[in-house]
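K.L.:
no sequence on this one, just coordinates:
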């Protein structure tokens, strides 16, 4: 205090008389209402504000970071495998785990990594997507959104993009790391010349599960008032779809992997997998046991029809987004 | 200039007509929207905000066409809905700033303004708390803050004192009164609580069965056209009551020494008549003035 009064100009505190000291209750700032006369932007990219808020809320969840960290592991394992192999070169055809033919060698690794990541992408979808609209329904937040200069389309695009960007990021970032590793390690072996489109393929393959999951979970979320219900319904569709498709295929083709390739892909996971296989142009080569010749053989499985996969993916997107759009409204209107 | 002009507006929910051929000019200031349940108040607000499409008619709000300029309208208005509404996982300052950004404010301005508005609404101390932990009163205040954040020209308040305790209600009404007077904001308050409207609004619109039942300035509507008077006596006087009735004057109510009287139509000098009657009955008049009707009387008269 003595130090402070040393810096205070004489007479500056004269107005404070004894018993009239400032109290905590006396506001320093003007707390009355003031009009806002600053700029108000037009609607352009208003959806981005909604996306950004969704992203911020999603990254606050601890579960998201755990699932995202685990989902990166397949890429790291493949990276490690490639690193170890680069030290001990194996002649073509001698590696049972890796197809070393040009165009397949790296693409098949990326495809495998995405395949292993698929389950975790689904878990992340549930974590960040199930509440994307359901939580707003639960807390009547749609009234806040739609009473602002925002259309239903802006809101839906913002919410969809929020989920899409998270899923895309989770698949794209480790994919890019793996790509950069391959580029640096195999550049001298003609990596860019042999795999000129690999980065573009990886980008599209990372976007595929993001688009399909984001569309479907947005649809489920819009029709629910509870994120848990939305998540449970989507999980039901995902798993039951897999089980039904898998069981039907097994009964019809007696488990022969070489048959019914398209049928095996008629589920959400199957479509994502089928599209990724088409995008990478991978021919799966699975080791099988031939009972007649008593030897191990490699069974080649071509990707399912790209056209059918694209049509099914489009159907998922249209149904998911369409269902969400139909349900989004500021107020309930009961017609009677 | 009227805040809103509505002409021949008809809104239907399936076969049910909620608003029927309604035409009204909503003046500037603080306007109370009254009416019994199902009168069409909320439907009218929803239609003006573009949430409901009218079957016929239309109108304009702040000079903008309701049917075609919904986005421009929503940039200039603020809505405080009746039900609880917030964005899960956000604290008050993030929520208010987010509402500002949605309304078109730059992020920096929205954040600064969020702090100011929350202070104004009495949430300064609780601004960093998650809204889900707020009490009912605080939730009402945050709804007001998100409606005010972008400096709207017109504010819709739907049942703003719902669920508030007397102190919270007083505070909310003080805020409404403050924001709607001398701040350049027009306010439309929809409420069932007539005393709230009486304390905050200058004008009322009473709706009944999807139509306007009555409309006007509260002070004008409360006038009894000089037919009713309130008389204060020094002491209660049964003799005064008998004497006035003998002159054709009706005693409407009596609370202690305060009498509400209805004089016969065509009474020319009410003062002289009352003083003479008091003198005859030995009562002493301390004061008298033209009686004002309560808003409840106006409301009941309009909706019956």
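P.N.:
Received, thanks. Everything numeric here is computed off the predicted structure, so don't read it as measured data. Numbering: from 1, shown residues only, chains lettered A, B, ... in the order given.
K.L.:
Show me where chain A has its helices.
P.N.:
In chain A, helices defined by DSSP state H lie at A:2-7, A:46-59, A:62-87, A:107-129, A:134-138, A:141-146, A:152-186, A:191-194, A:198-222, A:227-253, A:268-280, A:306-327, listed in chain order.
K.L.:
Kindly report the same for chain B.
P.N.:
Ranges of helices within chain B are B:41-48, B:70-76, B:92-102, B:107-120, B:136-148, B:166-180, B:194-200, B:218-222, B:238-246, B:270-281, B:295-303, based on DSSP H.
K.L.:
got the ones you listed as a markdown table, with mean neighbour count and distance to residue A:137 columns?
P.N.:
For every residue, glycine as well, the C-beta is placed using N, CA and C. Formatted as a markdown table, the entries for the helices of chain B read as follows, by neighbours: other CB atoms under 10 Å in any protein chain shown; distance: least, CB to CB, whole Å:
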| stretch | mean neighbour count | distance to residue A:137 |
| --- | --- | --- |
| helix B:41-48 | 24 | 18 |
| helix B:70-76 | 20 | 20 |
| helix B:92-102 | 26 | 17 |
| helix B:107-120 | 20 | 25 |
| helix B:136-148 | 24 | 17 |
| helix B:166-180 | 17 | 27 |
| helix B:194-200 | 20 | 30 |
| helix B:218-222 | 15 | 39 |
| helix B:238-246 | 16 | 62 |
| helix B:270-281 | 16 | 61 |
| helix B:295-303 | 17 | 35 |
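K.L.:
ranking these by mean pLDDT, which is last?
P.N.:
Taking each of these in turn, the one with the lowest mean pLDDT is helix B:295-303, at a mean of 77.
K.L.:
from memory residue A:39 sits against residue B:103, does it?
P.N.:
No: under the contact definition of CB atoms under 8 Å, residue A:39 does not touch residue B:103, with a separation of 11.4 Å.
K.L.:
And these two? Which one has more around it.
P.N.:
The residue with more neighbours, out of residue A:39 and residue B:103, is residue B:103; 27 against 9, by other CB atoms under 10 Å in any protein chain shown.
K.L.:
Spit out the contact partners of the spatially closest residue to the more buried one that is not a sequence neighbour.
P.N.:
Beyond its immediate neighbours in the sequence, the residue positioned closest to residue B:103 (CB to CB, 6 or more residues apart in numbering or on different chains) is residue B:150, lying 3.7 Å away. Under the criterion of CB atoms under 8 Å, 6 or more residues apart in numbering or on different chains, the contact list for residue B:150 reads A:36, A:40, B:75, B:78, B:99, B:100, B:103, B:104, B:105, B:113.
K.L.:
now do residue A:164
P.N.:
Contacts here follow CB under 8 Å, 6+ apart; on that basis residue A:164 touches A:210, A:211, A:214.
K.L.:
what about 10 Å?
P.N.:
With CB atoms under 10 Å, 6 or more residues apart in numbering or on different chains as the criterion, the residues that contact residue A:164 are A:51, A:54, A:129, A:157, A:207, A:210, A:211, A:212, A:213, A:214, A:215, A:218.
K.L.:
before we move on, what about residue B:27?
P.N.:
Contact criterion CB under 10 Å, 6+ apart gives B:1, B:2, B:3, B:4, B:186, B:202, B:203, B:205, B:215, B:216, B:217 as the residues in contact with residue B:27.
K.L.:
Recalculate using a threshold of 7 Å.
P.N.:
Listed by CB atoms under 7 Å, 6 or more residues apart in numbering or on different chains, the contact partners of residue B:27 are B:2, B:3, B:203.
K.L.:
Distance check, the second one against chain A.
P.N.:
Spelled out, that is residue B:3. Here the distance between residue B:3 and chain A works out to 16 Å (CB to the nearest CB, to the nearest Å).
K.L.:
Just the pLDDT at residue B:125, thanks.
P.N.:
87.
K.L.:
Can you report how many residues lie near it?
P.N.:
With other CB under 10 Å as criterion, residue B:125 counts 9.
K.L.:
Check the burial of residue 294 by counting its neighbours.
P.N.:
Since you didn't name a chain, this refers to chain A. 7.
K.L.:
um, chain B though
P.N.:
Using other CB under 10 Å, residue B:294 is surrounded by 13 other residues.
K.L.:
Not counting sequence-adjacent ones, nearest residue to whatever residue of the stretch 51-200 of chain B ends up closest to chain A?
P.N.:
When distances are taken as CB to the nearest CB, the stretch 51-200 of chain B reaches nearest to chain A at residue B:151, 2.9 Å away. Here the nearest residue to residue B:151 in space, its sequence neighbours aside, is residue A:36; by CB to CB, 6+ apart that works out to 2.9 Å.
K.L.:
Tally up the residues packed near the one you found, please.
P.N.:
Using other CB under 10 Å as the criterion, the residues surrounding residue A:36 number 20.
K.L.:
contacting residues around residue 139?
P.N.:
I went with chain A, as the question did not name one. Under the criterion of CB under 7 Å, 6+ apart, the contact partners of residue A:139 comprise B:85, B:86, B:87, B:88.
K.L.:
not what I meant, chain B
P.N.:
When contacts are counted by CB under 7 Å, 6+ apart, residue B:139 touches B:84, B:131.
K.L.:
again, but for residue A:154
P.N.:
With contact set as CB under 7 Å, 6+ apart, residue A:154 has these partners: A:43, A:46, A:47, A:50.
K.L.:
In JSON lines, list these along with distance to chain B.
P.N.:
Formatted as JSON lines, the entries for those read as follows, by distance: CB to the nearest CB, whole Å:
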{"residue": "A:43", "distance to chain B": "6"}
{"residue": "A:46", "distance to chain B": "7"}
{"residue": "A:47", "distance to chain B": "10"}
{"residue": "A:50", "distance to chain B": "8"}
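K.L.:
if we can go back for a sec, from the contacts of residue A:139, which are also near chain A?
P.N.:
With CB under 7 Å from any CB of the partner chain as the criterion, the members of the contacts of residue A:139 in contact with chain A are B:85, B:86, B:87, B:88.
K.L.:
thought the third one was touching residue A:142?
P.N.:
No: in this structure residue B:87 lies outside contact range of residue A:142 using CB atoms under 7 Å: 10.2 Å.
K.L.:
Flag every residue of the stretch 101-250 of chain A that's near chain B.
P.N.:
When proximity is defined by CB under 7 Å from any CB, the stretch 101-250 of chain A lies next to chain B at A:135, A:139, A:140, A:141, A:143, A:144, A:145, A:147, A:148, A:149, A:150.
K.L.:
With that, I have no additional questions.
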